[in-house]
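# Just a sequence and a predicted model for now, questions to come.
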Amino acid sequence: MRFMFGMVVAMGLLGCGGADTDDVSGLEGVGSVGGEIVGGYASPAGEAPWQVSLRNTSHFCGGVIYNSKTVITAAHCVAGRQPSEISVRYNSLYHGSGGALVSVSSIVVHPSYNFSTIDNDIALIKLSSAMTLGSTQAKAVKLPAPGSDPAVKATALASGWGVISYGSSALPAALRSVSLPIVSRATAQAGYGSMVITKNMIAAGPTEGGKDTCQGDSGGPLVINGELVGITSWGWDCAASNRPGIYTRVGKYVDWIKNNAG
Ligand code: ARG
């Protein structure tokens, strides 16, 4: 019963754009879809230099540097928000300090994003001024081949400032990373029951659980060999066995990103 109830809660509350996630109580509003890295480690400088923090009064989601004027994130992080509400911190391992803050000029949510099914969970954030890229912790990510789908069992790296255990009330100050194996959609679907894993999603996480993204990590990167294969999107609880984290399949959106980026 908890499983089914949780599914309904996750479906109903997934939209981080609806919940005000500028603080931990806001993140808790995301319920079962959680947001911090679980089972990870402090990200060393330069390991995830494409990671940024999306902020209103404080961190609410991750994002990924595509080019000096464009950040990729999850649609559920920004749908319904105004550009003026958001700033982006880049070039820092800390969501609350360092690097530089830039303001947002426009938000492009994928036209097929579906709040109920969380399908097509991708958006672009265009910046009012260009970021200065090239330093250790500030670099653009590469996109995968158009249409590509990461190989099952490949090792991917997720990063973020999300909570370190499900239900935790505090975000870590410093960026964290975790290595996760890609899981087939069929295997993930078997664990998720009625929540549909579409072909626009990929799954990653060990069968036994213990490692995952969590509340506050949404919108952040899942990378293989410097290529952005996924964007943190949703999941049941965090780090639960047989319920890998679900990520937007970036290979499906390469043309859309290129055509809509600033
Ligand atoms: N939607 C969540 C967020 O806004 C991320 C959920 C990831 N959950 C998981 N179990 N991998 O931060």
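Structure's in. What do you need? None of these values were measured; they are calculated from a predicted model.

# quick one: the helices in the stretch 1-150 of the chain?
2-13, 24-28, 75-78 (DSSP state H, counting those that start in this stretch).

# Now do the second one, average pLDDT.
Rounded to a whole number, the mean pLDDT of helix 24-28 is 34.

# same check, this time on the shortest one
Over the span of helix 75-78, the pLDDT mean works out to 98.

# hmm, who's touching that helix?
With Cβ atoms under 8 Å, 6 or more residues apart in numbering as the test, helix 75-78 has contacts from 14-17, 21, 54, 60-61, 63, 86, 107, 109-110, 113, 115, 118, 120-123, 125, 218-219, 233-234. In short, each C-beta sits where N, CA and C put it, glycine included.

# which residue ranges form the helices in the stretch 151-262 of the chain?
Using DSSP H, counting those that start in this stretch, helices in the stretch 151-262 of the chain cover 185-192, 254-260.

# so which of those helices comes closest to residue 142?
helix 254-260 (10.5 Å; Cβ to Cβ).

# Please identify the buried residues of the closest one?
254, 256-257 (16 or more other Cβ atoms under 10 Å).

# Relative to residue 92, which of those is nearest.
residue 257 (24.0 Å).

# Could you verify my assumption that that closest one touches residue 110?
No. The criterion here is Cβ atoms under 8 Å, and residue 257 misses it with residue 110 at 9.7 Å.

# OK, contacts around residue 103?
83-84, 86-88, 127-129.

# Please identify which residue in the stretch 101-250 of the chain comes closest to the ligand.
residue 235 (2.3 Å; Cβ to the nearest ligand atom).

# At which residues are the strands of the stretch 51-200 of the chain located?
With DSSP state E, counting those that start in this stretch as the criterion, the stretch 51-200 of the chain has strands at 51-55, 59-67, 70-73, 87-90, 100-109, 123-127, 155-160, 176-183.

# Can you add distance to residue 194 and give those strands back as JSON lines?
As requested, the strands of the stretch 51-200 of the chain are exported to JSON lines (distance: least, Cβ to Cβ, whole Å):
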{"stretch": "strand 51-55", "distance to residue 194": "30"}
{"stretch": "strand 59-67", "distance to residue 194": "26"}
{"stretch": "strand 70-73", "distance to residue 194": "27"}
{"stretch": "strand 87-90", "distance to residue 194": "36"}
{"stretch": "strand 100-109", "distance to residue 194": "25"}
{"stretch": "strand 123-127", "distance to residue 194": "26"}
{"stretch": "strand 155-160", "distance to residue 194": "25"}
{"stretch": "strand 176-183", "distance to residue 194": "18"}
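
# In a markdown table, list the ones you listed along with distance to the ligand.
Converted to a markdown table, the strands of the stretch 51-200 of the chain look like this (distance: least, Cβ to the nearest ligand atom, whole Å):
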| stretch | distance to the ligand |
| --- | --- |
| strand 51-55 | 10 |
| strand 59-67 | 6 |
| strand 70-73 | 10 |
| strand 87-90 | 16 |
| strand 100-109 | 15 |
| strand 123-127 | 13 |
| strand 155-160 | 8 |
| strand 176-183 | 9 |
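
# Can you flag the buried ones in the contacts of residue 103?
Using 16+ other Cβ under 10 Å, the buried members of those are 83, 86-88, 127.

# Output those in JSON lines, with distance to residue 149 and pLDDT appended to each entry.
Compiled in JSON lines, the buried ones among the contacts of residue 103 are given as follows (distance: Cβ to Cβ, whole Å; pLDDT from 0 to 100):
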{"residue": "83", "distance to residue 149": "32", "pLDDT": "98"}
{"residue": "86", "distance to residue 149": "31", "pLDDT": "98"}
{"residue": "87", "distance to residue 149": "34", "pLDDT": "98"}
{"residue": "88", "distance to residue 149": "29", "pLDDT": "98"}
{"residue": "127", "distance to residue 149": "30", "pLDDT": "98"}
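
# ok, back up a step: for the residue found closest to the residue of the stretch 101-250 of the chain closest to the ligand once you drop the neighbours it is linked to in the chain, what are its contacts?
In this structure, residue 235 finds its nearest non-sequential neighbour in residue 245, 4.3 Å apart by Cβ to Cβ, 6 or more residues apart in numbering. Taking Cβ under 8 Å, 6+ apart as the criterion, residue 245 is in contact with 158, 180, 203-205, 212-213, 232-235, 238.
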